[in-house]
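Peer 1: Show me the folded form of this:
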Amino acid sequence: MIKSITKVLTVLALILSFSATKAQNLEYPFCPKHTVADTFFNKYIVTENYRWLENVRSDSAVKWIEAENKLSRKFLSKASAKYNCKSLLDKFSYVRSKKAVKKRKYFYRKVIRNSMASASLYIGEKYNEVDQILIDPNYNNKGDKVSITSYHPSKDSKLLAYTINRNGTDWREIKVVSLPSGKKLSDHIKGVKFSSTEWKGDGFYYKKYPNKGEFYSSIGEEIYYHKLGDPQDKDKLIFKRKDPSVHFGFMTSSNERFFFLYEETKTHCNYFFIDFNSDQPYLRPLLMKQKNFIHILDSQNGKIIAKITKGSNGGSIVEIDPYNPYQWREIVPAIKNGVLLRCIPKADRLITIFQRNQTPLLKIFKYSGEQLYSLELPQSSSVNGFYGEKGEEDITFTLQELTKPAITFHFNTRTFERKYGDPVNVTFAFKNYETKSINYTVNDSIKVPLTLVYKKGLKLDGNNPCMLCAYGGFGRIFKPKFDPGIVYFIEKGGVFAYANVRGGGDLGKKWTLAGRRLNKQNAIDDFNAAAEFLIKEKYTSSEKLAAKGSSHGGLLVAAAAIQRPDLYKAVVPVVGVMDMLRFENFSVGNFHIDEFGSVQNSLDFVNLKSYSPLHNIKEDVNYPSMLVMTSENDDRVPPFHSYKFVARLQNRIAQTNPILLRVEQDAGHNGAMNKNGHLRKKADMYGFILKILNQ
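Peer 2: I've put the predicted structure just below:
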């Protein structure tokens, strides 16, 4: 369906050997054009000039990236210093708290021992006594930056399997230590990606991928069982498919009686299980060719407890008999206009978290379905926790908001008594901030939720700097999390806005589908409609409005700004997908065909091309000032998406507003791997935004 022809364009003009274009006294590094023409369906011809940047480790690409980083560092360091960004962000980041997480027998917490190091893992037997260092990932790393990404105690809490990553990539390694001593075992599993670590007996299950290159498509996954003490090449293959594009997920039940596995094809999901209590414990079918995803949570008295979403409801909890799997019993029904966020099965009851109108609801049920307790939590907050042994009555959970760090509550699941945990000390007065959730209407009369945060008493005269954010994909639900950057921006007189655009999961499955695949333009329209609303209601003006988004949100804000450059003064796409015609060829792109579509399908191709940021840049438009941020080791959204987008924007005569590229070194999709790096990244971003908005 696709044919490619490559032609090298030799640039002879001497001036171009020094800089491609100038914008506000910025001289951009020269970026040669090598034109590639692709023909789709013998009909559509698409050309691009910067595909050579996909070879990110080539000498020419490395030199260009270094030059771009040098340029952006000079600009951003001045802007950051002018607005005192880093020191104030450091001040607002200070949160004194001893928040700990209960997993099985012990409490754990991560501690950042210095700003240049990754967090270490501590362990203790009591909530207030988590003082023993268990794992410090900062030593003997052969020059790599290493961080702990997850940790999983065995059923008897005698061992802990933990995963690490190196330099920010999605690849993981699994190691094991004894508890509580932290003594290292010899086990070391490599080649792990997008995998949980599920204990069973004296070993665990994990998922492995073939490593065929830095941005090679993530296909061909396999599930293995590792027995402690064995070398990895002795691990037992549990499951694989001839079709390398099939994706798997798996878990063991908390009592280790069951192993559950699902495979996701292009059209449906299949579910399998092993019952280790049976005479013949082998992998057998559970539910086949399911159109709706079933999220298995645990088992209870030999039955499966699962979350399902059918039709337009926001999720319910059912009980499934593995030996009569098509006869389900509903335990917790869906609630009207609400979404089920989480369910935590306990020994004799279920803890559920719903969300309705941007407000979390804590509800507790018996397994019979009887509701025992209901509590409405503050609007625009998020609740986490409820970990620990399944039979424990006393547990902890945390509650946080965009401008309020996580507060710990001790909660009894039988008496429902709750008490504050340790006090949380901060360096700012969050009582001076106002948070509200409202709706705005897009052209087709769809009401979209919008969260706003600003200082109380703020005058709405259209002169306030405003940062509009969104994600808008994969059914992701907005869960407010404390962000010192938002505090900083508000203290500078800014308004923070988050739009729950279609494509997210905030209003249920129907809302998600309304922004997926052929409907992706709806998410972009919703975002631009939010900008129009903020301007109309005088929260800000187009001269004071910035757009920022990460990952799918990076795609969203880039596409929105390319389509409506008149709405924004500054735009910050972070690790965004910019080339929608080639995304599926690399890393996890093939995972996301359901979300975006495929260029192998003619309808999808036309739709993808219609909003792909890279392919809709016009020669004669001066787009808003942009800071495009990515990381050199991002193997989820490869950095060349950002490289090509920046090169295309910079190398046009019409572009006089600054276009900057900031590439984080030794980091992946989630950015810097230590506190200092995170502060520097935020300081650069807010320095850029404030400099541009205050011009």
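Peer 1: quick check, Glu330 in a helix?
Peer 2: No. Glu330 is assigned strand when assessed by DSSP: H, G, I helix; E, B strand; the rest coil, not a helix.
Peer 1: doesn't Ile317 make contact with it?
Peer 2: Yes. If you go by CB atoms under 8 Å, Glu330 and Ile317 touch, sitting 7.5 Å apart. To be clear about C-beta, it is placed using only N, CA and C from the backbone, and glycine gets the same treatment.
Peer 1: neighbouring contacts of the longest helix seen in the chain?
Peer 2: Counting residues, the longest helix in the chain under DSSP state H turns out to be helix 59-82. Here helix 59-82 makes contact (CB atoms under 8 Å, 6 or more residues apart in numbering) with 26-32, 52-53, 55-56, 85-86, 627, 632, 643, 646-647, 658, 660-663, 683-684, 686-688, 690-691.
Peer 1: what are the phi and psi angles of the residue nearest to Leu513 when sequence neighbours are not counted?
Peer 2: Distance criterion CB to CB, 6 or more residues apart in numbering; nearest residue to Leu513, sequence neighbours excluded, is Asn519 at 6.9 Å. Asn519 has phi and psi values of phi -100, psi 10 when expressed as degrees, to the nearest 10.
Peer 1: Count the residues that sit near Asn519.
Peer 2: Per other CB atoms under 10 Å, the neighbour tally for Asn519 reads 14.
Peer 1: Run through the residues that contact it.
Peer 2: Contacts of Asn519 (CB under 8 Å, 6+ apart): Arg502, Gly503, Leu513.
Peer 1: Which of the residues you listed ranks first by neighbour count?
Peer 2: Top of those by neighbour count (other CB under 10 Å): Gly503, with 30 neighbours.
Peer 1: Verify the stated contact: it with Gln521.
Peer 2: No. Between Gly503 and Gln521 there is no contact under CB under 8 Å: 10.2 Å.
Peer 1: Give me the buried stretch members for stretch 459-470, please.
Peer 2: Gly462, Asn464, Pro465, Cys466, Met467, Leu468, Cys469, Ala470 (16 or more other CB atoms under 10 Å).
Peer 1: thinking again about what came up before, now do the residue nearest to Leu513 against Asp526, distance only.
Peer 2: Distance, Asn519 to Asp526, using CB to CB, to the nearest Å: 11 Å.
Peer 1: Just give the nearest non-adjacent residue to the residue nearest to the spatial centre of the chain, would you?
Peer 2: For the chain, Ser551 is the residue whose C-alpha lies nearest the centre (CA atoms, centre = their mean; 7.1 Å). Using CB to CB, 6+ apart and skipping the chain neighbours, the partner closest in space to Ser551 is Val575 (5.4 Å).
Peer 1: Can you check what pLDDT the model gives that neighbour?
Peer 2: Per-residue confidence at Val575 stands at 98 (pLDDT).
Peer 1: Just give me the neighbour total for it.
Peer 2: If you count neighbours by other CB under 10 Å, Val575 ends up with 28.
Peer 1: cool, and Ala654?
Peer 2: Residues lying near Ala654 (other CB under 10 Å) number 12.
Peer 1: Next, work out how far apart it and Asn425 are.
Peer 2: The separation that Ala654 has from Asn425, given CB to CB, amounts to 51 Å.
Peer 1: which neighbours do Asn519 and Asp526 share?
Peer 2: Listed as contacting both Asn519 and Asp526 by CB under 8 Å, 6+ apart are Arg502.
Peer 1: what mean pLDDT does the host helix or strand of Arg109 have?
Peer 2: Counting by DSSP states H and E, the element that carries Arg109 is strand 106-111. Regarding strand 106-111, the rounded mean pLDDT is 94.
Peer 1: That strand: partners in the sheet, and parallel or antiparallel?
Peer 2: Take DSSP bridges as the rule and strand 106-111 pairs in its sheet with strand 101-103 (antiparallel), strand 120-124 (antiparallel).
Peer 1: for those strands, which one ends up most surrounded?
Peer 2: Counting by mean count of other CB atoms under 10 Å, strand 120-124 has the highest mean neighbour count of these, with a mean of 20.
Peer 1: May I have it exported as CSV, CA atoms only?
Peer 2: Extracted C-alpha coordinates of strand 120-124, given in CSV (Å, rounded to 0.1, in the frame of the first residue of the first chain):
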residue,chain,number,x,y,z
SER,A,120,15.9,4.7,47.8
LEU,A,121,13.4,2.1,49.2
TYR,A,122,13.0,1.9,53.0
ILE,A,123,11.2,-0.8,55.1
GLY,A,124,9.7,-1.0,58.5
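Peer 1: just checking, next helix/strand downstream of the longest helix of the chain?
Peer 2: Taking DSSP H and E, what comes next after helix 59-82 is helix 85-93.
Peer 1: Show me how far the helix or strand that contains Ile407 is from its chain's centre.
Peer 2: Element membership of Ile407 [criterion: DSSP H and E] is strand 404-412. Chain-centre distance of strand 404-412: 24 Å, with CA atoms, centre = their mean, to the nearest Å.
Peer 1: residues of it that come out buried?
Peer 2: Lys404, Pro405, Ala406, Ile407, Thr408, Phe411.
Peer 1: Low-confidence stretches in the stretch 351-500 of the chain?
Peer 2: Scanning the stretch 351-500 of the chain for pLDDT under 70 picks out no residues.
Peer 1: Output the contacts of Asn519 as CSV; include the columns distance to Leu237 and pLDDT.
Peer 2: Formatted as CSV, those follow (distance: CB to CB, whole Å; pLDDT from 0 to 100):
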residue, distance to Leu237, pLDDT
Arg502, 41, 98
Gly503, 37, 98
Leu513, 36, 95
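Peer 1: So Leu402 versus Arg517, what's the distance?
Peer 2: The gap separating Leu402 from Arg517 is 30 Å, by CB to CB.
Peer 1: I meant to write Lys455 there.
Peer 2: For Lys455, the distance to Arg517 - CB to CB - is 40 Å.
Peer 1: before we move on, what about Asp233?
Peer 2: According to CB to CB, Asp233 and Arg517 sit 41 Å apart.
Peer 1: Over to Tyr44?
Peer 2: Taking CB to CB, one finds Tyr44 at 19 Å from Arg517.
Peer 1: Who has more neighbours out of those two?
Peer 2: Applying other CB under 10 Å to Tyr44 and Arg517 shows that Arg517 carries more neighbours, namely 18 against 15.
Peer 1: pLDDT score assigned to the more buried one?
Peer 2: Predicted confidence (pLDDT) for Arg517: 98.
Peer 1: What residues does the closest residue to it other than its chain neighbours make contact with?
Peer 2: Using CB to CB, 6+ apart and skipping residues adjacent in sequence, the residue nearest Arg517 is Gly597, 4.9 Å away. By CB under 8 Å, 6+ apart, the residues touching Gly597 are Arg517, Leu518, Leu603, Asp604, Phe605, Asn607, Leu608.
Peer 1: all strands of the stretch 401-550 of the chain, in order?
Peer 2: 404-412, 418-420, 433-441, 447-455, 466-469, 495-499, 545-550 (DSSP state E, counting those that start in this stretch).
Peer 1: I'd like those strands laid out as TSV, including distance to Ser72.
Peer 2: Converted to TSV, the strands of the stretch 401-550 of the chain look like this (distance: least, CB to CB, whole Å):
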stretch	distance to Ser72
strand 404-412	31
strand 418-420	44
strand 433-441	31
strand 447-455	28
strand 466-469	19
strand 495-499	24
strand 545-550	16
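Peer 1: quick one, which of these is nearest to Glu393?
Peer 2: Nearest to Glu393 among the strands of the stretch 401-550 of the chain is strand 404-412; the distance by CB to CB comes to 5.5 Å.
Peer 1: Direction included, what does the closest one pair up with?
Peer 2: Applying DSSP bridges to the sheet, strand 404-412 is found paired with strand 394-401 (antiparallel), strand 418-420 (antiparallel).
Peer 1: what comes into contact with it?
Peer 2: Identification of contacts with strand 404-412 by CB under 8 Å, 6+ apart yields 95, 97, 99, 127, 381, 384-386, 393-400, 417-422, 424, 426, 430, 482.
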